[in-house]
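Asks: What follows is a predicted protein model with its sequence.
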Amino acid sequence: MFFRRRARKRLGEPDPSFPGMTRGRADELRTALRKAVADSGATARFDGMHGIIEHPRRGRVTLNLENLVDDVARSQHPRAAATMARSFVAAMLDDRGADILDTAELYAGLRLRVAPTTGLVPEESEIVTAASLHAFTADTAVTLVLDTEHSIRTMPLERLRPVDDLDTLVRAARTNLREELLGAPVVAQRHPGSEEHPGARFWSFESGSYYIASAPILIEDVLTSWAPGLDRSLGVLFAMPTRHVLLAREVTLGDDLLEGLGRMAPVAAQLAISRPHTVSPLLHLFHDGEVSTLSTFDQEARQLQISPTPYLLELMSQR
């Protein structure tokens, strides 16, 4: 009886590898993942928040489990671990992708997405590189994804070239992204500065949509809809710390601009390290159709550095 009570107590303790889960819930998810992987003819082991899969056809595949763990931890459904594990493994290991869709379904499913390019395991980096159209910020790239009923998959460009020319596919993906963003339920909130630092203000836009962090690709369109009063004449400071959050602020002059930079950069970094689905902890500038990255962040040392562009330095010198 004593040992049973002690075992039950241990299962109720926080799991050291899967944040937000008890040991019992985490073990349930690991078991479900092993079963789903075994059903595909592969084996799995775990290293912290990563699953290492030995697949007979695809070789060794390392998967980042952070998003899956967070989704299961948040769910109240009693079969969440089993159901989400099956869907996750199917999406990660099923390489059919566009081959099972007709042309109309493919065009309807394409989206542009901003994806992180740093902090990835090698397999993740290869996937993002294969799907990248171009670099977007210092730590992200614009990729093509296929959004279907059952999954959202990052699509290698070479898999899409036989379908149509890339420019045509990108135009379809951009149109679909615009419709997705402008139709998403977005909570817009203005965060004012203090009496001593009125320039330390910014807007936040938050939604359950998968694509909010991709809004900067169409930043003028989305801000016209989400914050029509935001003055974009001198440019926009923005951050996309997580998949579901966008921060933005108008570019201004003098100390007002300096205070805005000093407020937004640490907020972006803190959101990126404290919430799931991180995209970029950095602060960026949109001006005259160009995007520049304004900060660097060392997560281990918790060191943040802001480096304004010459354009911003000139504006800060004006009163």
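Replies: Structure's in. What do you need?

Asks: Every contact and neighbour count from this point should use C-alpha atoms.
Replies: Noted.

Asks: does Ala172 really touch Leu106, like I thought?
Replies: No: using Cα atoms under 8 Å, Ala172 is not in contact with Leu106; the gap is 9.7 Å.

Asks: for this protein, longest helix please?
Replies: helix 254-274 (DSSP state H).

Asks: chain center to the helix or strand just after that one: distance?
Replies: On the C-terminal side of helix 254-274, the nearest following helix or strand under DSSP states H and E is strand 284-287. Remark: strand 284-287 is offset 19 Å from the chain centroid, using Cα atoms, centre = their mean, to the nearest Å.

Asks: ok so, going back, show me what the longest helix of the chain is in contact with.
Replies: 197-202, 239-242, 247, 249, 251, 278-283, 295, 297, 299, 304, 306, 315-319 (Cα atoms under 8 Å, 6 or more residues apart in numbering).

Asks: isn't there a strand covering Arg178?
Replies: No: assessed with DSSP: H, G, I helix; E, B strand; the rest coil, Arg178 is helix; it does not lie in a strand.

Asks: For it, which non-adjacent residue is spatially closest?
Replies: Leu218 (7.2 Å; Cα to Cα, 6 or more residues apart in numbering).

Asks: That neighbour and Asn176 touch, don't they?
Replies: No: in this structure Leu218 lies outside contact range of Asn176 using Cα under 8 Å: 11.5 Å.

Asks: Do a quick rundown of the helices in this protein.
Replies: 2-11, 23-39, 66-74, 80-93, 103-109, 122-131, 157-160, 166-182, 219-226, 254-274, 310-316.

Asks: Buried only: go through the contacts of helix 254-274 for me.
Replies: Buried by 16 or more other Cα atoms under 10 Å: 199-202, 239-242, 247, 249, 251, 278-283, 295, 297, 306, 315-316, out of these.

Asks: pLDDT weak spots in the protein?
Replies: Low-confidence segments of the chain (pLDDT under 70): 1-9, 57-62, 94-101, 149-151.

Asks: Settle this for me: Leu294 is touching Pro281, isn't it.
Replies: No: assessed by Cα under 8 Å, Leu294 is found out of contact with Pro281, at 11.0 Å.
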